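> Curious how this folds, go ahead:
(2 chains, ligands or ions: 2)
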Amino acid sequence: MKMTYADAAKLALAECMRADPTVWAVGEDLGRGGVFQQYKGLCEEFGPDRISDAPISEAAIMGAAFGAAMVGTRPVVEMRFADFALCATDELVNQIAKARFMFGGQSRAPMVIRKPMGMWRSSAAQHSQSLESWYVHIPGLVVCCPATPQDNYSMLKAAIECDDPVVYLEHKDIWALEGEVDTSQSYEFGKAVTRQKGDALTLVSWSHTCNIALDAVQDTDIEVIDLRSLWPWDKETVINSVQRTSRLLIAHESVQVGGFGAEVAATVAEKVACKVKRLGAPRSLIAYAPNLENQLRITGDMIADAAKEMML
Amino acid sequence: MTAANYDTARGLALLTMMERIRAFEEQAELAATRDQLVLGAIHLSIGQEAIPAGIMPHLKKTDLILSTHRGHGHTLAKGADPTAMMEELLGRDGGCCGGKGGSMHIADFGVGMLGANGVVGANIHIGAGAAHGAKMLGDGRIVVDFFGDGAINRGPFLEGLNWAGVFDLPILFVCEDNQYSASTKTSDMMSGEGAAARARSIGIKTHEIDGNDVEAVYDLAAEITARIRETGKPEFLHAKTYRLHGHTYFDPAAYRPEGEAAERWANDDPIQRQRDALANAGVGDAQIKEAKQAADAEMIAALAAATAAPWPADNTVYDDVQDIGSPVQEAF
Ligand SMILES: Cc1ncc(C[n+]2csc(CCOP(=O)(O)OP(=O)(O)O)c2C)c(N)n1
Ligand SMILES: [Mg+2]
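Ligands and ions are numbered 1, 2, ... in the order given. Coordinates of the predicted model:
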């Protein structure tokens, strides 16, 4: 079935809601389909109690959903933009991620926190960030970065069915990206997908940057691995690949300094003798003017050039 | 001879619960100061016992409460086992949270106590969410959400109350106003009329009460909880009280005006007030004293049991982090 990235997530959510009456979604403007229309039509099917509008109260959306999760429901929290989720940092980091441990296993927070992230067009510094590495640093959280319609279907389903809190970072530049979705495919957390096989170099990426990377190195001998989930992440697939290629290039849209690429690089370098390079954004702020914005993008050309240089 | 119409059994039950909370905290304080066995900070609710004691009799075991860093009284009154609580304060195996939480994260989900919280105000909107979930599941549970006067200056107060109002949730918010936020007089850092006025402005049905009058708290809570069960709508209780000890057990509270605490001890200790009320109603001295003696014996035994309890097994630090993704660091 061909569908968009947005529709794939909508289908996954609808299927989960049909299967389990305790699943519900809550966020601003969901009744009208959400800001990216990724909930369009769901309120008509499930009603306003289960596709619930919320006040502009990010802390309460996150906090209340957590309370509702502790008493036996399975909320899907919509943060609208990953940037606004920072208004609910205490709720996510100090409460949701810690409750199960802190209370000695008495509680669970089975919830999915959807945070559309990344650069799209002239949205400047407060509507464009990719902060996935922050969440990987927080014990208790699962972190997902789907890059394709297929993964946005299978991964969202797995996230909703999972009993852990899952930070689910959809990339907002690819809502309209079309692709084949096989609804019989399930997703296992921590399993990467090798999107192109090769022996010359291992290119590791995730989220939309992985699509850009794949385009850039198509029909070369470069292996392209899409990590898909960053916690847990598929060390085995990456290490096995680098053992063959001896070259590791990691590309991500987020700031390179302290980015998750550093974790991948260090982990692999501890195990395998290899050449390593990271490509991440400069540690500057995302700007409004397109030419300024472009200064901070990790482009296909940059990825192809870096790969070529490593293979010299 | 007891006074006509006075419900002696109820009066004694209220006294008994307050004595148990007081005795628990006195033992906890001894465990901290005399025995040096309490590892982290504990916040005593000595002087504030009438609020949990008066409210909790109206809750079923399945009803839910959320609490703060000052949460021993709420937890005990909701029905938690004092030995498991004391073991938690001492970080021992057998503690309600397996020694992982301590006083500030004490919780007993088995009796509907969904946790104290180390972050001031954080439980306000979480409590609204618990009520949201209960309403959605239609299981008839109601929520009582406790917080201090300092917490009303944090965002969750606005967001949580608004949420409860917007979604018509079965929750009672209880602001335990002991006048202090750590070492700060709350009124110095508060614009406007305070908790009750703010709650009213959000459209929540609001009540104010002398929170040190346990019988009055009991009566008002009976009325409020019955109405919440019937209407499913949120209400707010601003209970005025006083923290007789310091903010933490090691805080001498020197920032308070000279004589303020002594005056409160003399005239407004909720436990002494209830003892006096019982005596005035004709209840015998022996019966009144018996409440304290029994409570002391119970909590001395709880501390002894906790002191004898072992530490949790080292590897439990890896338990209950999450299902997906192992927390254990790989050895190379
Ligand atoms: C968000 C946050 N800020 C500050 C603190 C430190 N702190 C702990 S208790 C407290 C005072 C809280 O006052 P109040 O809400 O009135 O509760 P009380 O201690 O009087 O019971 C403070 C400032 C904290 N735990 N959380
Ligand atoms: Mg206070």
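
> B:Lys233 contacts B:Pro170, correct?
Yes: B:Lys233 lies in contact with B:Pro170 (C-beta atoms under 8 Å); the separation is 7.4 Å. Any C-beta I mention is one placed from the backbone N, CA and C, and that applies to glycine too.

> Which of those two has more residues huddled nearby?
When B:Lys233 and B:Pro170 are compared for neighbours, B:Pro170 comes out ahead with 25 against 15, by other C-beta atoms under 10 Å in any protein chain shown.

> Next, the contact list for the more buried one, please.
With contacts defined as C-beta atoms under 8 Å, 6 or more residues apart in numbering or on different chains, B:Pro170 is in contact with B:131, B:134-135, B:141-143, B:228-229, B:232-234.

> Show me which of the residues you listed is closest to ligand 1.
Using C-beta to the nearest ligand atom, B:Val143 comes nearest to ligand 1 of the contacts of B:Pro170, at 18.6 Å.

> Tell me if I'm right that that closest one and B:Leu64 touch.
Yes: the pair B:Val143 / B:Leu64 is scored as a contact, 4.6 Å apart, by C-beta under 8 Å.

> quick one, which of those two is more surrounded?
Relative neighbour count places B:Val143 above the other of B:Val143 and B:Leu64, with 31 against 27, counting by other C-beta under 10 Å.

> so of the contacts of B:Pro170, which ones are in strands?
Those of the contacts of B:Pro170 mapping onto strands are B:Val143, per DSSP state E.

> Now list whatever residues contact both of B:Val143 and B:Leu64.
Between them, B:Val143 and B:Leu64 have B:127, B:130-131, B:134 as joint contacts when contacts are counted by C-beta under 8 Å, 6+ apart.

> filter those by proximity to chain A?
Near chain A, taking C-beta under 8 Å from any C-beta of the partner chain as the test, the members of the shared contacts of B:Val143 and B:Leu64 found are B:127, B:130-131, B:134.

> contacting residues around whichever residue of the stretch 201-312 of chain A sits closest to chain B?
Taking C-beta to the nearest C-beta as the measure, the point where the stretch 201-312 of chain A comes nearest chain B is A:Pro232, at 3.3 Å. Contacts here follow C-beta under 8 Å, 6+ apart; on that basis A:Pro232 touches A:142, A:189-190, B:324-326.

> Present the contacts of B:Pro170 as TSV; the columns should include distance to ligand 2 and pLDDT.
Compiled in TSV, these are given as follows (distance: C-beta to the ion, whole Å; pLDDT from 0 to 100):
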residue	distance to ligand 2	pLDDT
B:Ala131	23	98
B:Ala134	28	98
B:Lys135	29	98
B:Arg141	28	98
B:Ile142	24	98
B:Val143	21	98
B:Ile228	24	98
B:Arg229	29	98
B:Gly232	29	98
B:Lys233	27	98
B:Pro234	22	99
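
> Could you dump the contacts of B:Pro170 into CSV and include distance to A:Phe46?
Rendered in CSV, the data for the contacts of B:Pro170 read as follows (distance: C-beta to C-beta, whole Å):
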residue, distance to A:Phe46
B:Ala131, 21
B:Ala134, 20
B:Lys135, 16
B:Arg141, 23
B:Ile142, 26
B:Val143, 25
B:Ile228, 27
B:Arg229, 28
B:Gly232, 21
B:Lys233, 24
B:Pro234, 25
